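**Student:** Just the structure for this:
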Amino acid sequence: MRHWTAERLRSQRDSIWEEMNALSKTYNAVNLGSGTPDMPVPDVMQTALEAAVATGRNQYSPVIGELLLRKAVAEHAARFYGQEVDPSREISITTGVTEALNAVVLSVINPGDEVIVFEPFYDCYVPSIRLAGGIPRAVTLHAPTFRFDPDELRAAFSTRTKAIIVNSPHNPTGTVFSRSELTFIANLCQEFDILAITDEVYEHIVFDGSTHIRLATLPGMRERTLTLSGAGKTFSCTGWRIGWAIGPALLQEALCLLRQFTVFAAATPLQLAVAGALSAPDSYYRELASNYEFKRNFMIETLASCGLKPNTPAGSFFILTDVSTLGATNGRDFCHDLAKNFGVVPVPTDTFYLNENLGETLVRFTFCLRRERLETAASRLAKLMPMCGVVR
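**Tutor:** Sure, this is the predicted structure:
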């Protein structure tokens, strides 16, 4: 029988999230793999959503998104970054940040174009590049600090480079790129005349006095940067799938050309609800970061007490640890054994690297759950140290 799956999909691996989520259900385990906050959404969002539905705002929005939300995104950019954005021409509302990333890549990458990514990377980046016919070029964030080597980054640029994807705060390492690092990236983008695609979905989750700096606000970057972010992580509503892309009008036109024939538009009432949430007072954003910082410290202490050596992320809500300290030789096997024997599921990072020799024993834990769920996980993980022989 004919092979019905398109050739461009045959080399793609199954999602690691499906595998780990299935493990969680099978063993009734605490899922510390998925970056899915389980806190309630802010009251203002629920009220705005109910009002939108009640007043009949249930039909298609424009492809570019509801003007009310585009204005709210522009006001948010000015408020937090001093970035002036035209909501009528320089913002598209997308069905989550993953859709925004995929749409951007398909809109600007031609077959044979090279796209630089930092590894370990969020796992949708490389498949999106390859589906567009592009070629991913990885630059490693080196453990234990997870920073890039400037010489390695420069060497990755060439006349074939079309874009670079910059994720800060970074998933899965928690690295927050400094101004000097971002300036180095910006200078290379201008020297080689390439596009920067920034994934800033964890922009409000930073710790220890770290500051998230928007690459698009650096000199010479406004016209060559598409800034992606969304509501899911900031407002604990990942299932709403509301994201946005901020950037030059010409790039927005390319996005609209693609999106009018694919997803078309994000959910209208959800857009209107998120518009209200973006105007939350400064105290909301401070408390968000403060609560996550407490959970980060709790999970670092928990993992360290098990004999692991977790990193200390400056942002996002993920912690990496090398499980070889417990004698494990394979992160994926470790995750399976941890689910089966201890009822906790992290996620292996082997799919977050192009270099197969990296990440084999690195595992990512999240701390985006309610405190009581993290305490349940901690009580289960407390049994790990004396029984570490159970783990391969």
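**Student:** So which bits of stretch 323-334 are buried?
**Tutor:** Within stretch 323-334, the residues scored as buried using 16 or more other CB atoms under 10 Å are 323, 324, 326, 328, 330, 331, 332, 334. Where you see a C-beta, it was placed from the backbone N, CA and C, and this is true even at glycine.
**Student:** State the distance from residue 246 to residue 175.
**Tutor:** 22 Å (CB to CB, to the nearest Å).
**Student:** Compare neighbour counts for these two and give me the winner.
**Tutor:** residue 246 (29 against 24; other CB atoms under 10 Å).
**Student:** Contact partners for the more buried one?
**Tutor:** Counting by CB atoms under 8 Å, 6 or more residues apart in numbering, residue 246 makes contact with 73, 77, 83, 85, 90, 91, 216, 226, 227, 228, 229.
**Student:** Sitting in helices, which of those do you find?
**Tutor:** 73, 77 (DSSP state H).
**Student:** PyMOL command to pick out the buried ones of the contacts of residue 246?
**Tutor:** Selecting only the buried entries of the contacts of residue 246 in PyMOL, with 16+ other CB under 10 Å as the criterion:
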select buried, resi 73+77+83+85+90+91+216+226+227+228+229
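**Student:** Residue 352: which of the contacts of residue 246 is nearest?
**Tutor:** residue 228 (18.3 Å; CB to CB).
**Student:** Quick check: closest non-adjacent residue to that closest one.
**Tutor:** Leaving aside its sequence neighbours, residue 228 sits nearest to residue 100 (CB to CB, 6 or more residues apart in numbering; 4.7 Å).
**Student:** can you tell me the helix or strand for that neighbour?
**Tutor:** Using DSSP states H and E, the element containing residue 100 is helix 96-108.
**Student:** Residues touching that helix, excluding its own?
**Tutor:** Looking at what lies outside helix 96-108 - CB under 8 Å, 6+ apart - the contacts are 92, 94, 115, 124-125, 128-129, 131-132, 134, 162-163, 165, 195, 197, 199, 201, 226, 228-230, 232, 238, 241-245, 251, 254-255, 257-259, 262-263.
**Student:** swap in stretch 369-381?
**Tutor:** By CB under 8 Å, 6+ apart, the surrounding residues in contact with stretch 369-381 are 30-32, 37-39, 295, 298-299, 302-303, 306, 342-344, 367.
**Student:** quick one: average confidence on that stretch?
**Tutor:** For stretch 369-381, mean pLDDT is 97.
**Student:** now swap in stretch 226-236 and tell me
**Tutor:** 98.
**Student:** Check the offset of it from the chain's centre.
**Tutor:** The chain centroid and the centroid of stretch 226-236 are separated by 9 Å under CA atoms, centre = their mean, to the nearest Å.
**Student:** now the stretch 1-150 of the chain, which segments are flagged as low pLDDT?
**Tutor:** Applying pLDDT under 70 to the stretch 1-150 of the chain flags the ranges 14.
**Student:** try 50
**Tutor:** Nowhere does the stretch 1-150 of the chain drop to pLDDT under 50.
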